[in-house]
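J.: here is the input, now give the coordinates:
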Amino acid sequence: MSAIQIIGISLFVYLGSIGSIVGNTIGWYTLGRPLVASFVVGVIMGDLQTAMIVGIALQIMYMGNVTPGGAVAWDLSYATYIGTAGALVFGKGMESTQVIGLAVVFAGIGGLVGQMVWNLSYALNLPLNRLANKYAEAGETGKMYIPNVVCGQLIGLACRFIPAVILLTTMTAASAQADFASMIPGWLTTLLSTFGGMMAALGMGIIISFLLKKQWQICIFLLGFVLVTYFNLNTMAVAVIATLLAVIYYVFQIDQKEARA
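T.: All right, here's what the predicted structure looks like:
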């Protein structure tokens with residue numbers, strides 16, 4: 001990665017954590033989500049296709065991650081930006097499942113670093129409460145932006161941007177030593193490929209558990225699987241068939257209700 005790419009990705013690591021100013025609409029719940037983050041990294045690094053393949057897997061993998069009461073068990077922003085970047089840097093010449101496996105490994109590193117810096121930023125923000133109370137007691141409401149906006153965001157920028165730059169620079173230096181794909185042994189490549197394939201299956205299982213409320217609905221999923229796998233239909237064709245079946249089912253239910261009435 002070039003210096004500009006490292007700075008660009010690190011800046012988005014910070015922007016993806018913001019829950020104020022631009023709000024959650026643009027920050028934490030948008031730029032901080034895996035699929036959006038992977039898209040950003042793909043644009044910056046010039047490999048959008050691979051980035052989106054990685055992003056879909058990470059999005060599904062971290063779909064159940066929540067932050068109740070501000071408690072961050074795993075930093076999605078750090079995990080995805082670092083994970084996708086690491087996969088693109090070290091995964092050249094690898095198959096998609098192997099690249100996904102790499103992304104999960106680097107996402108684990110990024111998520112752990114993000115968790116530590118998140119807690120650090122919380123600790124550094126504590127004195128700002130006293131400053132805000134001081135302005136409030138003095139009636140100087142016009143200065144409340146200083147602890148809330150200026151100081152708070154400077155701490156957030158320092159805690160997220162700087163470690164991300166160090167981490168991405170270290171990854172770039174390591175990747176420049178040799179071709180990573182040729183360095184790793186065959187058994188590890190197979191492990192990464194298997195692990196990456198499992199992520200897709202795990203993600204699909206999570207989605208199915210959310211969508212399918214009755215056991216007979218599994219037949220609908222299997223029908224779509226058969227149409228794509230054995231009849232080689234694209235997703236648009238399957239979507240049209242699904243729409244037609246939904247209309248037929250709806251009309252049938254209406255007729256049944258009218259008949260009973």
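J.: so where does the nearest residue to residue 44 once chain neighbours are set aside fall, helix or strand?
T.: The shortest distance from residue 44 to any non-neighbouring residue, by CB to CB, 6 or more residues apart in numbering, is to residue 8 (4.8 Å). Backbone N, C-alpha and C define where each C-beta goes, glycine included. Here residue 8 sits within helix 3-15, counting by DSSP states H and E.
J.: and that helix, which residues are buried?
T.: 5, 6, 7, 8, 9, 10, 11, 12, 13, 14, 15 (16 or more other CB atoms under 10 Å).
J.: who does that helix touch, helix- and strand-wise?
T.: helix 34-45, helix 76-90, helix 152-175 (3 or more CB pairs under 8 Å, 6 or more residues apart in numbering; DSSP states H and E).
J.: put the alpha carbons of it into CSV.
T.: C-alpha atoms of helix 3-15 as CSV (Å, rounded to 0.1, in the frame of the first residue of the first chain):
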residue,chain,number,x,y,z
ALA,A,3,1.2,6.2,2.0
ILE,A,4,-1.9,7.9,0.5
GLN,A,5,-3.8,4.6,0.7
ILE,A,6,-2.7,4.0,4.3
ILE,A,7,-3.8,7.5,5.3
GLY,A,8,-7.1,7.2,3.4
ILE,A,9,-8.0,3.8,5.0
SER,A,10,-6.9,5.0,8.5
LEU,A,11,-9.0,8.1,8.1
PHE,A,12,-12.1,6.0,7.4
VAL,A,13,-11.3,3.8,10.4
TYR,A,14,-11.8,7.0,12.4
LEU,A,15,-14.9,8.2,10.4
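J.: so what touches that helix?
T.: 1, 22, 27, 31, 37, 40-41, 44-45, 77-78, 81-82, 85, 114, 156-157, 160-162, 164-165, 168-169, 172 (CB atoms under 8 Å, 6 or more residues apart in numbering).
J.: find the centremost residue of this protein, please.
T.: Residue closest to the mean C-alpha point of the chain, counted by CA atoms, centre = their mean, is residue 34 at 1.3 Å.
J.: where does the prediction get shaky in this protein?
T.: Segments of the chain classed as low confidence (criterion: pLDDT under 70) are 19-25, 63-74, 177-204, 206-207, 261.
J.: can you map out the helices along it?
T.: Applying DSSP state H to the chain gives helices spanning 3-15, 23-26, 34-45, 48-61, 76-90, 96-137, 145, 152-175, 180-183, 186-211, 218-229, 235-260.
J.: looking at those helices, which is buried most?
T.: helix 76-90 (a mean of 30; mean count of other CB atoms under 10 Å).
J.: packing partners of that one?
T.: Counting by 3+ CB pairs under 8 Å, 6+ apart, helix 76-90 packs on helix 3-15, helix 34-45, helix 48-61, helix 96-137, helix 152-175.
J.: to residue 254, which of the ones you listed lies closest?
T.: helix 48-61 (35.4 Å; CB to CB).
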